[in-house]
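Colleague: just coords:
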């Protein structure tokens with residue numbers, strides 16, 4: 001059996017506003033801690049709120065996506081702050097309609113309809129984003145990916161008629 005293994009990492013571009021927001025959350029957490037210890041326990045409530053924001057929201061500001069191709073499936077993992085990994089989804093390529101660049105005219109019928117869109121790309125302006133049209137039993141979805149040449153080559157070898165390079 002022809003089994004392949006391809007791994008591709010894509011770092012999502014974070015906006016400067018998120019960087020500023022991260023430091024503001026850290027600063028407000030520290031100020032709330034000092035205020036709760038020094039003056040009044042009333043400041044304990046903002047400390048809990050800002051602490052929870054720092055623990056749960058701030059790691060999502062620095063994202064990377066890992067595409068892992070194994071045996072006709074692409075697994076997408078989300079890596080938050082280079083510390084936590086979460087499996088986002090698994091795509092069975094046998095249910096793929098086609099894959100093409102984001103500026104292809106093959107996507108025009110899907111843009112006219114309200115089809116669900118998922119974006120797992122870097123969101124950089126000069127990146128080569130490909131859209132995988134995924135059709136399940138009851139729904140269609142456009143999945144934005146940024147595969148490397150090796151991953152595209154493997155998909156093209158398996159499904160040569162489903163890779164549209166125009």
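Modeller: Received it, and whenever you're ready, just let me know what you need. This one's a predicted model, so the numbers in the text were calculated from it and none came from an experiment.
Colleague: how far off centre is the helix or strand of the chain with the lowest mean pLDDT?
Modeller: Ranked by mean pLDDT, DSSP states H and E, the weakest helix or strand in the chain is helix 108-112, scoring a mean of 83. Using CA atoms, centre = their mean, to the nearest Å, the mean C-alpha position of helix 108-112 is found 22 Å from that of the whole chain.
Colleague: who's in contact with it?
Modeller: Around helix 108-112, the neighbours that count as contacts under CB atoms under 8 Å, 6 or more residues apart in numbering are 133, 140, 142. (C-beta placed from N, C-alpha, C; glycine too.)
Colleague: rerun that using 6 Å as the cut-off
Modeller: By CB atoms under 6 Å, 6 or more residues apart in numbering, the surrounding residues in contact with helix 108-112 are residue 142.
Colleague: what's the following helix or strand after that helix?
Modeller: Counting by DSSP states H and E, the next helix or strand C-terminal to helix 108-112 is strand 116-119.
Colleague: sorry, back to before: buried set for the least confident helix or strand of the chain?
Modeller: residue 110 (16 or more other CB atoms under 10 Å).
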